[in-house]
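*Asks:* give me the fold of what follows.
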Amino acid sequence: MCKPRQRKGRAGESLPSSASSPARLRRRPEMARKGVSYVTAAEVVSMVRDPHVAIIDVRDEERICDAHIAGSHHYASDGFAERLPEIAEATRGKQTLVFHCALSQVRGPTCARMFSDYLSETKEDSAVKSITVLERGFNGWELSGRPVCRCKDSPCKGVCS
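*Replies:* Residues are numbered from 1 along each chain as shown. Sure, this is the predicted structure:
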């Protein structure tokens, strides 16, 4: 059974209502130094309907209890490494992959790096040119008023509102 979720910030504190203010949505310099490229929710909104873009949700049971970004694929972080070949096949033909978890501070960036390494090491035949992470993750997406889907399909067919 799903428990009600309280929004959490970096150190586990509850997020203030100002967490979705425009100043919080800007890129932070420390993100660029972590070795992954970040994109904002506004940038992802314009990418969601592009058939060459795949949104990869690596949250675990939160996706079942919470909503998700319409059209996203779900590969839980706890079994991500074992599913790398399956993920490569599911994203064949995609040029841009956008990874996210709840906050995109640990699981999202870790899985993005892991998948990038996998493609490099295995020389998979892939069209992927860009692997990015959604800044502020799903929580930031939802708090900024972006559309979410509550279907149980995986991958989400993207027809929900």
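*Asks:* contact partners for the residue nearest the centre of the chain?
*Replies:* Nearest to the mean C-alpha position of the chain, by C-alpha atoms, centre = their mean, lies H100 at 1.9 Å. Residues counted as contacts of H100 (C-beta atoms under 8 Å, 6 or more residues apart in numbering) are I55, I56, D57, V58, R59, I69, G108, V133, L134, G137, F138, W141. Any C-beta I mention is one placed from the backbone N, CA and C, and that applies to glycine too.
*Asks:* state the distance from the residue nearest to the last one when sequence neighbours are not counted to G145.
*Replies:* Leaving aside its chain neighbours, W141 sits nearest to A41 (4.9 Å; criterion: C-beta to C-beta, 6 or more residues apart in numbering). Look at A41 and G145: by C-beta to C-beta, to the nearest Å, they are 9 Å apart.
*Asks:* so which of the two has more stuff around it?
*Replies:* Neighbour totals were compared for A41 and G145, and A41 leads with 22 against 9 (other C-beta atoms under 10 Å).
*Asks:* that one against F138, yeah?
*Replies:* No. With contact defined as C-beta atoms under 8 Å, A41 does not reach F138; the gap is 9.7 Å.
*Asks:* neighbours of E61, just the number please.
*Replies:* When neighbours are counted by other C-beta under 10 Å, E61 registers 11.
*Asks:* how far away is it from S77?
*Replies:* According to C-beta to C-beta, E61 stands 11 Å off from S77.
*Asks:* just the helices in the protein please.
*Replies:* Here the chain has its helices, by DSSP state H, at 22-25, 29-32, 41-47, 62-65, 84-90, 107-122, 137-143.
*Asks:* same question for stretch 93-106, mean pLDDT?
*Replies:* For stretch 93-106, mean pLDDT rounds to 96.
*Asks:* how about stretch 142-153?
*Replies:* For stretch 142-153, mean pLDDT rounds to 89.
*Asks:* what's the first-to-last distance across that stretch?
*Replies:* Start and end residues of stretch 142-153 are separated by 19 Å (C-alpha to C-alpha, to the nearest Å).
*Asks:* please tell me how far R92 sits from S126.
*Replies:* Distance of R92 to S126, computed by C-beta to C-beta: 7 Å.
*Asks:* so if I had to pick from these two, which one is more boxed in?
*Replies:* More crowded of R92 and S126, by other C-beta under 10 Å: S126, with 19 against 13.
*Asks:* so what's that one up against?
*Replies:* A88, T91, R92, L119.
*Asks:* where does pLDDT dip in this structure?
*Replies:* Residue ranges of the chain with pLDDT under 70: 1-35, 159-161.
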